[in-house]
Every structure is written in structure tokens, then in C-alpha cells.
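Trainee: sharing a model prediction with you, sequence too.
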Amino acid sequence: MKRQIFVLLSLATLVVFLMAWAADSRKEWVGIQERFNARAAKPEPIGIRQIMVAPLNRIDRCTTCHLAIDRPKAAQAEQPFTAHPGDYLKSHPVEKFACTVCHAGQGLATTVQAGHGEVRHWEQPLLRGALVQSSCAKCHGDLETIKAYAPMLVRGRQLFKEEGCIGCHALHGFGQTVSVDLSEAGSKNLHQLDMTFVKGPHTLSQWLYEHFKDPQRITPGFTRQELPQGEMEIAPTAMPNYRLTDEEAQALTIYMMSLTDEQVPGKYVKSLAAPEPPITTENAVAYGRAVFDKYGCVGCHGQNGQGGRNNWNAVDGQQVPALTYVKAGYTKEALKAFIARGSQPLAKLDPHGPSPSLYMPRWQEKISDEELNALVEYLYRLAPDETASAAPTP
Ligand code: HEC
Ligand code: HEC
Ligand code: HEC
Ligand code: HEC
Ligand code: HEC
């Protein structure tokens, strides 16, 4: 009997709680609409507004508060009463696109925090500012066509190419498998990420941003002393610290966020990804350099093969070797054969420590014989010119 009373009381409390919560959340949007009406020339009826777009599977209630989003005259008002910036709603009419396809957030919710998806258990928080650009790629595969509107997204993709990320990561079937496949890096669930060392909000975009700024802070190593007895030391991540500026780290974050598993119906696809421009093959050294970039050798060996990437517990100075002196150590044939074969596993500096995370991948099946020949010409050219750099005689 006591138990039943307890259950009933708990239920009653819960109901009161829920009613209070519902009334509260109602108060919020009603208050916002009343505030809007107080200053509007013509008052709007109080009520929830929603935009339904069946093909995109969206029911968005954002316009319950963003009442003037499609009224250019409201450009100067304060949030949430401003008009939408730019021509976005002209090229993407509200009734055909709604809001969350670009902004994420929680379409159905009617409080500010929940609507913006800035609550626990909602995995797609509102994309504010430049982060919105990460949504464009699912419909505009050819990024060059929207370069003026999504400059950070385009910059991120360019950095991805320049830094040779593909040397360690695969993307849509291209690249190496030394580390994680990035084809769906923007769809990652929060529980798959370790937020222990993230300082800002615990969101995917924040994790990516802080990881780009300082990978070893977000994914550090642990010495044997820090771990339970008998466990093997863990090396810090082999993801290079590129010393990126804040803007570069944000651009890469936006590009990563654009890599999702989301599929939109065909009629919403404005353009498909353009094929990579072909490599010019007339000049063997330039050709070889393009091959070096294409396969992401830069990722491990650095720009122009200068080295500098950490490889914890590798015999060779705990770094991936620079390639500036391979001319001295290999004939052209031997160099070709080495690249084709790769080198794995690497010897450990401390035999009780972890295996070095980076190794020289096997390129045999990936790089054509013709490309290998060009690559060797390029690598030979990296050797400093002996006559020019010879020390002057005293
Ligand atoms: C209950 C009212 C309400 C709902 C629902 C709502 N918003 Fe907002 N929105 C606001 C308010 C208030 C602000 C200003 C405060 C802030 O930035 O959080 C705002 C700000 C914004 C901003 C501007 C942020 C900035 O950096 O200036 C964006 C973008 C936005 N909302 C998009 C959305 C989208 C998309 C939805 C639907 C998924 C949505 N909002 C739903 C009330 C709401
Ligand atoms: C085609 C994509 C797209 C759609 C659809 C879209 N937006 Fe936006 N929105 C953007 C972009 C891009 C920005 C500009 C971000 C920046 O550069 O600051 C933006 C900015 C905003 C802002 C910030 C305004 C400011 O003054 O900073 C608000 C609020 C907003 N959008 C609300 C909405 C609402 C509500 C909807 C649905 C009715 C919507 N958006 C639909 C792309 C879109
Ligand atoms: C859900 C798919 C979708 C998303 C997301 C989307 N667009 Fe579009 N966009 C389209 C389609 C489709 C058109 C063509 C509309 C038409 O012709 O009626 C278009 C048109 C445009 C145009 C007009 C010029 C042109 O090429 O026709 C620009 C600019 C543009 N989009 C930029 C963007 C940017 C920037 C973003 C991200 C903030 C974005 N779009 C997000 C589908 C999308
Ligand atoms: C995932 C990291 C990684 C990538 C990507 C990579 N390498 Fe390596 N590479 C290594 C490591 C580690 C070694 C050292 C191997 C050893 O010590 O046995 C190495 C060794 C070499 C060597 C021998 C250097 C020497 O001093 O003996 C050459 C040449 C070389 N790599 C060329 C390339 C080329 C060309 C590419 C691109 C097609 C490439 N590497 C991509 C990690 C990488
Ligand atoms: C030398 C190899 C190497 C290169 C080059 C490299 N990464 Fe990584 N990356 C790693 C390793 C190892 C991890 C996994 C450990 C961790 O979380 O840091 C990783 C993790 C990541 C993650 C997190 C993935 C996930 O799902 O956990 C992202 C995103 C990422 N890298 C993006 C990039 C980008 C973008 C570039 C180029 C600017 C790049 N990486 C270059 C080795 C590399």
C-alpha cells in the first residue's frame, strides 16, 4: 500500500513537472511573438508556425520565432527578428528547403535552446556563422560553383589536398588506411569521440577544431606510470600538428563537417563533384611532384620531403625520415622498388614501448609504373645541389 502511494505521488509530481515545463516552453515562444507584435505595424496571429518539406523529411518550426526571416525590411532588427542575410532564401525558397537542411538544429522543438539543438542528446546543434557552409556540399558537389558563398568550405578542401591528409586517411575510396577513413567524418556520433580534453562545448565541430589546433592535447599518450599496472604505454596520436591558424583550423573543420552520409533526393542535387583536373606529364620533375601531392606523401614526409613528422618510438629519431637525401642512398631502380613495397613494421627505439604508429605504406597496387618513374625523378631532384652548397674553401 505504502508503495502504491509512493508511485502515485511520484507520478503526480512528474505530471506537475511536465505541465510546468510545457507552460514554460509555451511562454517562451508566445512571449517572443508578443514582443514581435508590440513593435509590428500589423500584428501576427499568435501560434506555432511550421514548414513541412516531405521530400527532405523536414518539419521546421524555426519561423515560430524567426518571424521576419523572409522580410528584407527587417534586416536591421535584433534576433530573432532579423531578415535572412544574402539571397539564400531566394535561391532556396523556404517552402522547398525549410531551414534545418542548411542550419541543422531541431526543427520540431519550440524553445530557443531545444530549437537550436543546443541541448544534451541532440547530435546536430545549430550551425552558426561560417559553419553553415558545411551543409552546402550535400547538394552542391562541385564546390567551385559556390566558391563565393562558401569560401571557408573551399579553403578547407584545398588545405586537405595541400597537407597530404590522404597519405594517412582514406576519403571515398582514395588514400591510405594508416588511420581513420574520413568519408563520413561529419556524421560521427558524439559517443564515438573522447571529449575529456576538449575545452569548449562538447560538440563534433568543437572536437574537430581543437583536434586540428593541437592533436596531441585532444588525443594524448599515457606513460606506464599513468596507466594501471602492467599495461603498455600509449603513444600520443600520430596526427601531425600543422600549426594551423584559427581560420585554417575552422576551414578544415567545416570541410570535415561537410563529409556526411546524408542523402538528398535527386531533384535537390544542384551539381555533382567535378573530376580532379588531369596532371600534366610533359616535365618529368613537375609530374613527379604532382604525383607526390596526389598520393599524400606530404602527409608523412612533409612539404618538399623535408620531414618533421613525429613517429613516437621509431628508431630513426622518432620521426618519419626526410627524403632530401634518397639520391645518395638508392639507385633509381631500388628507390622504385622500395616505394612499391613499403616498409612495415618499423623497429622500436624502446623495445618495451608501443610500435611506431606510422609506417611506409605499400604503394604497389596504387601507383602506376609511369607515375613511379616520375616520382623517382622528383625525389632525386630534392637532393641539394652539391656544387652550389659545397662549403667555401677558406
Ligand atoms: C523559441 C524561439 C526560437 C526558435 C524555435 C528558433 N530560434 Fe533561432 N534564435 C532565437 C533567438 C532568441 C535567437 C538569438 C539568441 C541566440 O543566438 O541564441 C536566435 C538566433 C538564431 C540564429 C543566429 C545566431 C547568430 O549567431 O546570430 C540562427 C542562425 C538561428 N537562430 C536559426 C534557427 C533555426 C535554423 C531554427 C530552427 C531549427 C531556430 N533558430 C529556431 C529564437 C528561436
Ligand atoms: C541554403 C541554405 C540556408 C537555408 C535554407 C537557410 N539558411 Fe539561414 N543562413 C545561411 C547562411 C549561409 C547564413 C550566413 C552565415 C554567416 O555567414 O554568418 C545564414 C544565416 C542565418 C541567420 C543569422 C543572421 C545574422 O544576422 O547573422 C539566421 C537567424 C538564419 N540564417 C535563420 C534561418 C532560418 C530561420 C531559416 C529557415 C526559414 C534559414 N536560415 C534557412 C544559409 C541558409
Ligand atoms: C538541399 C540542397 C541544397 C543545399 C543544402 C544548398 N543548396 Fe544551394 N541550391 C540548391 C538547388 C537545387 C539550387 C537551384 C535552385 C533553383 O534553381 O531553383 C541552389 C541554388 C543555389 C545558388 C544560386 C545560384 C545557382 O547556382 O543556381 C547558390 C549561390 C547556392 N545555391 C549556394 C548555396 C550555399 C552557399 C549553400 C550552403 C550554405 C547551399 N546553396 C545549400 C540546393 C541546395
Ligand atoms: C603513413 C606515412 C607515410 C606515407 C603516407 C608515406 N611514407 Fe614514405 N616512409 C614512411 C616511413 C615511416 C618511412 C621509414 C621507413 C623505415 O624506416 O623503414 C618511410 C620511408 C620512405 C622512403 C625511404 C627513406 C629513406 O631514408 O630510406 C622513401 C623514399 C619514401 N618513404 C617515399 C615515400 C613516397 C614517395 C610516398 C608517397 C607515395 C610516401 N613515402 C608516403 C612513412 C610514410
Ligand atoms: C601522419 C598521418 C596523418 C596525417 C598526415 C593526417 N592525419 Fe588525421 N589522424 C591521424 C591519426 C593517427 C588519427 C587518429 C588518432 C587521433 O584521434 O588523433 C587521426 C585522426 C583524425 C581525425 C579524427 C577522425 C576520427 O574519426 O576520430 C580527423 C578528422 C583527421 N585526422 C583529419 C585529418 C586531416 C584533415 C588531415 C590533413 C590536414 C590529417 N588528418 C592528416 C593521422 C594523420
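Mentor: Arrived safely, thanks for sending. Ligands and ions are numbered 1, 2, ... in the order given.
Trainee: now for P215: which residues touch it?
Mentor: P236, T237, M239, P240, N241 (C-beta atoms under 8 Å, 6 or more residues apart in numbering). C-betas here are computed from N, CA, C, even on glycine.
Trainee: spell out which parts of the protein neighbour ligand 4.
Mentor: Selection of the chain residues close to ligand 4 by C-beta under 6 Å from any ligand atom yields 167-168, 176, 178, 295-297, 299-301, 311, 316, 320-321, 323, 326, 329, 335, 338-339, 343, 346, 358-361, 363, 375.
Trainee: buried only: go through the contacts of P215 for me.
Mentor: The neighbour count (16 or more other C-beta atoms under 10 Å) marks P236, T237, M239, P240 as buried among the contacts of P215.
Trainee: could you dump those to a markdown table with secondary structure, distance to ligand 2 and pLDDT?
Mentor: Shown next, in a markdown table, are the buried ones among the contacts of P215 (DSSP: H, G, I helix; E, B strand; the rest coil; distance: C-beta to the nearest ligand atom, whole Å; pLDDT from 0 to 100):
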| residue | secondary structure | distance to ligand 2 | pLDDT |
| --- | --- | --- | --- |
| P236 | coil | 35 | 94 |
| T237 | coil | 32 | 96 |
| M239 | coil | 29 | 97 |
| P240 | coil | 30 | 96 |
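Trainee: among the residues you listed, which one lies nearest to V53?
Mentor: Nearest to V53 among the buried ones among the contacts of P215 is M239, at 38.5 Å by C-beta to C-beta.
Trainee: so that closest one sits against K213, correct?
Mentor: No. Contact criterion C-beta atoms under 8 Å: M239 and K213 do not qualify, at 11.5 Å.
Trainee: is V285 in a helix, a strand, or coil?
Mentor: At V285 the chain is in helix, as set by DSSP: H, G, I helix; E, B strand; the rest coil.
Trainee: verify the contact between it and R381 for me.
Mentor: Yes. Contact criterion C-beta under 8 Å: V285 and R381 qualify, at 5.1 Å.
Trainee: up against ligand 2, what does the chain have?
Mentor: Counting by C-beta under 6 Å from any ligand atom, the residues of the chain near ligand 2 are 62-63, 66, 69, 82, 84-85, 88, 92, 94, 97-99, 101-103, 129-130, 132.
Trainee: and of the contacts of P215, the nearest to N57?
Mentor: Looking across these and measuring by C-beta to C-beta, the closest to N57 is M239, at 34.9 Å.
Trainee: list the contacts for that closest one?
Mentor: M239 touches C168, S179, H211, P215, T219, counting by C-beta under 8 Å, 6+ apart.
Trainee: filter these down to the buried ones, ChimeraX style.
Mentor: For the buried members of these, the matching ChimeraX selection, counting by 16+ other C-beta under 10 Å, is:
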select :168,179,211,215,219
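Trainee: just curious, which of the contacts of M239 is nearest to ligand 2?
Mentor: Using C-beta to the nearest ligand atom, H211 comes nearest to ligand 2 of the contacts of M239, at 23.4 Å.
Trainee: what about the closest residue to the closest one other than its chain neighbours, distance to T177?
Mentor: Distance criterion C-beta to C-beta, 6 or more residues apart in numbering; nearest residue to H211, sequence neighbours excluded, is I218 at 4.4 Å. Counting by C-beta to C-beta, to the nearest Å, the gap from I218 to T177 is 22 Å.
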